[in-house]
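Engineer: Structure for this input, please:
(one chain, ligands or ions: 1)
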Amino acid sequence: MSVLPRIGVATPEQVADAGALTAEAYLADRLLDRDDEYEVELRDAERRAREATLLVASVPVDPAAPDGRHAVVGTITLAPYGSSYAEIAEPGELELRMLAVAPEARGAGVAEALVVAAQREAVVLGARRVVLSTLDSMRTAQRLYARLGFTPAAERDWAHEEIRLRVLTWTPPTAPGVLTEMACWPPLRVLTTRGGWRVGVSQGLTRRANSAVPLTEPADLAAAVAEVVAIYAAERQRPVLRLGGSDVDRRVGELLDAQDWVTASVTDVLVADLHAPVRTEPTAPAPPSLELAVHHVPDDAWLETYLGVKSASADREVARAILAGGTAQHVVARHAGAVVGVIRVAYEGDWAALSCLAVDPLARRAGIGRALTLHALALAREHGAARAFLQVEAHNVVAARLYARLGFRPADSYRYREPRVGALG
Ligand SMILES: CC(C)(COP(=O)(O)OP(=O)(O)OC[C@H]1O[C@@H](n2cnc3c(N)ncnc32)[C@H](O)[C@@H]1OP(=O)(O)O)[C@@H](O)C(=O)NCCC(=O)NCCS
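Structural biologist: Purely as a prediction, here's the structure:
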């Protein structure tokens, strides 16, 4: 598919389309008869949007105008335990229901994008498990669920009016946590506030190395935030706080809302089990004569390619100093003598951290990103790591799809908060 589907909570204009599409998709697969009462329920997306979370996938009507009008091509319903649409969810579980893709949009990864988005949402909501019921006849969906890490929970299978429903569950992987993340991408300097928060200072290169992390809950949150602001002011830097889903982070977030701080970006942490078999796409193009070289310290070619994609104006020596901290390998991909892509693997405990994946814009869509990621995973296995993680911005759908297909699953999510421009005077 040339344009990846856009996934989001259904807007009021999309709700009716999502309802019609669900019924049509079930009818097309002969999962219901025309006079089936369930058809009325499938069409009633208004109620799903009210009483659950209705996600929709949409694609541009004109593929040549990706920002133009979009049409709904798929939908899924997310029902937390206790909500009216949850049939089997137990406390702490999120239930997926009514996955449907328009018949004309099938085979292009729309259902995969919807289920991955639902897994991500489960992590953001702090759900401990995702559950769903399927019919034996839903073969395509079952293959998809298996590929995305769902496993049968036969003891929970159930029946409805003599129809046997199989239950599948998915448990989010354990996240590395902020301290492992920091060890794999160490700021040049880490200052500690009076309340025990860690403040990374690295001349502004990457928010990851230039943000404050609330590791404790001080009695006076406002004073702790003010201290972070003062530290960054002394460094002539904009203050940035990294906030995840913990109770402290939530309370800090409420305070920042009141102080008019904005969300600068949302990052997902994805995790892959390095002992699980890697599922490469049968359609994956083998990159022609790609040479991969590995260095412990990033050389100029590596830095130039990474910074060329990340931030051309960044200081190369600052980048070299950040990347040289910790144990890591830097992979350079060359094709016909020219550097076409890079990736980094850093190590901490049994974790491998993949980062800096960047492919020259002129060399994209030729399998180089996938080859670099697979090579990094192979290096991590060789190094003895048991699991890998990476951080990807929530809007980066291209990278997210690449990682999902290589076995990475959502494990955590955090946001960087900054004062609104001009708010600090
Ligand atoms: C993400 C990135 C590394 C991918 O590199 P690449 O060499 O183009 O990737 P590949 O050719 O190996 O493609 C991998 C998959 O993504 C798909 N893909 C790549 N670009 C795509 C696009 N613009 N639209 C739709 N699909 C795309 C490919 O089709 C392939 O999927 P499939 O074969 O399963 O269909 C590259 O786009 C890039 O450098 N982006 C900027 C930096 C970045 O986002 N890095 C990741 C930071 S976490």
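Engineer: strand partners of whichever strand or helix holds residue 414, parallel vs antiparallel please.
Structural biologist: Using DSSP states H and E, the element containing residue 414 is strand 409-419. Strands that pair with strand 409-419, judged by DSSP bridges, come out as strand 241-243 (antiparallel), strand 261-273 (antiparallel).
Engineer: buried sites along the last one?
Structural biologist: Think strand 261-273. 261, 267-272 (16 or more other Cβ atoms under 10 Å). Any C-beta I mention is one placed from the backbone N, CA and C, and that applies to glycine too.
Engineer: Can you tell me what sits against it?
Structural biologist: 120, 123, 173-176, 181, 207, 240-241, 377, 386-395, 400, 403-404, 406-420, 423 (Cβ atoms under 8 Å, 6 or more residues apart in numbering).
Engineer: Could you rerun that using 7 Å?
Structural biologist: For strand 261-273, the surrounding residues in contact (Cβ atoms under 7 Å, 6 or more residues apart in numbering) are 120, 173, 175-176, 240, 387-394, 403, 406-420.
Engineer: Equivalent analysis for stretch 103-114, please.
Structural biologist: Contacts with stretch 103-114, where a contact means Cβ under 7 Å, 6+ apart, come from 1, 4-5, 7, 25, 28, 55, 57, 73-74, 76, 99, 101, 141, 144, 401.
Engineer: Tell me the span between the first and last residue of that stretch.
Structural biologist: The straight-line separation of the ends of stretch 103-114 (Cα to Cα, to the nearest Å) is 15 Å.
Engineer: Any part of it near the ligand?
Structural biologist: No - counting by Cβ under 6 Å from any ligand atom, the ligand is not contacted by stretch 103-114; separation bottoms out at 7.1 Å.
Engineer: circling back: what subset of the contacts of strand 261-273 is also close to the ligand?
Structural biologist: Okay, of the contacts of strand 261-273 touching the ligand (Cβ under 6 Å from any ligand atom), that's residue 392.
Engineer: Just the buried ones from the contacts of strand 261-273?
Structural biologist: For the contacts of strand 261-273, buried by 16+ other Cβ under 10 Å: 120, 173, 175-176, 240, 387-392, 394, 403, 406-419.
Engineer: any chance you could read off phi and psi for residue 135?
Structural biologist: When read as degrees, to the nearest 10, the backbone of residue 135 gives phi -100, psi 150.
Engineer: contacting residues for it?
Structural biologist: 163, 165.
Engineer: So for it, what pLDDT did the model give?
Structural biologist: At residue 135, the pLDDT value in this model is 92.
Engineer: got it, and the one 4 residues further on?
Structural biologist: The predicted structure scores residue 139 at 88 on the pLDDT scale.
Engineer: List the contacts of it.
Structural biologist: No contacts exist for residue 139 under Cβ under 7 Å, 6+ apart.
Engineer: how near is it to residue 97?
Structural biologist: Noted for residue 139: a distance of 19 Å to residue 97, by Cβ to Cβ, to the nearest Å.
Engineer: Run a quick neighbour tally on the closest residue to the ligand within the stretch 1-150 of the chain.
Structural biologist: Residue nearest to the ligand within the stretch 1-150 of the chain: residue 4 (4.8 Å; Cβ to the nearest ligand atom). Counted with other Cβ atoms under 10 Å, the neighbours of residue 4 add up to 17.
Engineer: Surely it is in contact with residue 401?
Structural biologist: Yes - using Cβ atoms under 7 Å, residue 4 is in contact with residue 401, at 6.3 Å.
Engineer: ok, back up a step: can you redo the strands paired with strand 409-419 as TSV with distance to the ligand and mean pLDDT?
Structural biologist: Shown next, in TSV, are the strands paired with strand 409-419 (distance: least, Cβ to the nearest ligand atom, whole Å; pLDDT from 0 to 100):
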stretch	distance to the ligand	mean pLDDT
strand 241-243	16	98
strand 261-273	9	97
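Engineer: So which of these is nearest residue 84?
Structural biologist: strand 261-273 (28.8 Å; Cβ to Cβ).
Engineer: follow-up on the earlier one: I'd like to know which of the strands paired with strand 409-419 is closest to residue 18.
Structural biologist: Across the strands paired with strand 409-419, closest to residue 18 is strand 261-273 (Cβ to Cβ), at 23.8 Å.
Engineer: centre of the chain versus that closest one, how much separation?
Structural biologist: In terms of Cα atoms, centre = their mean, to the nearest Å, the centre of strand 261-273 is set 7 Å apart from its chain centre.
Engineer: cool, stretch 188-199 as well?
Structural biologist: Taking Cα atoms, centre = their mean, one finds stretch 188-199 lying 28 Å from the centre of the chain it belongs to.
Engineer: same thing with stretch 133-144?
Structural biologist: Per Cα atoms, centre = their mean, the centroid offset for stretch 133-144 relative to its chain is 24 Å.
Engineer: residues of that stretch that come out buried?
Structural biologist: Buried-residue list, stretch 133-144, by 16+ other Cβ under 10 Å: 133-134, 138, 141-142, 144.
Engineer: okay if I get the residues you listed as JSON lines plus distance to residue 348 and secondary structure?
Structural biologist: Formatted as JSON lines, the buried residues of stretch 133-144 follow (distance: Cβ to Cβ, whole Å; DSSP: H, G, I helix; E, B strand; the rest coil):
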{"residue": "133", "distance to residue 348": "39", "secondary structure": "strand"}
{"residue": "134", "distance to residue 348": "38", "secondary structure": "strand"}
{"residue": "138", "distance to residue 348": "41", "secondary structure": "coil"}
{"residue": "141", "distance to residue 348": "37", "secondary structure": "helix"}
{"residue": "142", "distance to residue 348": "37", "secondary structure": "helix"}
{"residue": "144", "distance to residue 348": "33", "secondary structure": "helix"}
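Engineer: Name the nearest of those residues relative to residue 168.
Structural biologist: residue 134 (6.4 Å).
Engineer: what's the closest non-adjacent residue to that closest one?
Structural biologist: In this structure, residue 134 finds its nearest non-sequential neighbour in residue 166, 5.3 Å apart by Cβ to Cβ, 6 or more residues apart in numbering.
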